[in-house]
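Trainee: give me the fold of what follows.
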Amino acid sequence: MVITLKVDGLGFYYHRDKEILKDISFQLNKHEVLCLLGPNGTGKTTMLRCILSLNKIKKGTIEIDGVDFTRASAKKRAEIMAYVPQATTMTFPYKSFEIVLMGRVAHLAAGCSPTDKDKAIAKETMEKLGVAYLIHKDFNQMSGGEKQMILVARALAQQSKILIMDEPTANLDYSNQVRMLQLIKNLLRK
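Mentor: Here you go, the predicted structure:
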C-alpha cells in the first residue's frame, strides 16, 4: 500500500484577524521524514494538530493517498496516523503498560477489550524501546523523560502508517535522545 501525505494550501487561525498558518503545502511519501524547525510560538504544533484533524483547518486540503483525510472517521484517522505530543498529563493513575496499550484502541471494535495479541504488541514495543522496566510504574509518578518514552511506545504500538511526533525527545537526557531516535528509525524501517 502506497502512503502519501499531501498538504495543499493549508491555512489556519484561531481569530480571523491573525492567521497562524498560511498557504502551507508539501508532500511526503512512505519512508520520508519532515522535520519542522523554528522559534517557539510560530505554529509548528498547530500545524501538526491540523494535519491530525485535532484542529479544523480553515483553508486547503489534507489528503492521504488522494483521499480527504479531514473527512475520515476518528477510528480511520487513528489507523493511519499516530501522534506523540510534546507532553501529556493523565487524570487517572494509569500504569505505563496501560498507556502503551491505549495505542491499540484504533484496532478494537467499539466496546471491545484489548486482546492477548494487543497486549503482546504493547509489551513487545516497550521491550524494543528499552522501557519494559517501567511496565508496572504509575505514569504520573514517572520523570518527564520516562513519560516521553512511554508516549513514543504508545504511538508505535498503534502501528499506524504515519507517525507524527511533536518534540519526541523532549525531557530526555542526551544518551536517551540518541537511543530513542535510533530505535524509532529502526522500527519505522519495517
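
Trainee: ends of stretch 84-103, how far apart?
Mentor: Its start and end residues considered, stretch 84-103 measures 11 Å (C-alpha to C-alpha, to the nearest Å).

Trainee: and the closest residue to residue 173 other than its chain neighbours, how far is that from residue 36?
Mentor: The spatially closest residue to residue 173, leaving aside those adjacent along the chain, is residue 145, at 6.3 Å (C-beta to C-beta, 6 or more residues apart in numbering). Glycine gets a C-beta too; all of them are placed from N, C-alpha and C. Distance from residue 145 to residue 36, counting by C-beta to C-beta, to the nearest Å: 22 Å.

Trainee: with residue 57 instead?
Mentor: 17 Å.

Trainee: list the contacts for the residue nearest to residue 173?
Mentor: Contact partners of residue 145, counting by C-beta atoms under 8 Å, 6 or more residues apart in numbering, are 171-173, 176.

Trainee: what of residue 161?
Mentor: Residues 1, 3, 64, 79-81 are the ones in contact with residue 161 under the rule C-beta under 8 Å, 6+ apart.

Trainee: related to what we said a few turns ago, same drill for residue 57 and residue 36, tell me which one is more crowded.
Mentor: Here residue 57 and residue 36 are compared on neighbour count by other C-beta atoms under 10 Å; more neighbours surround residue 57, at 20 against 12.
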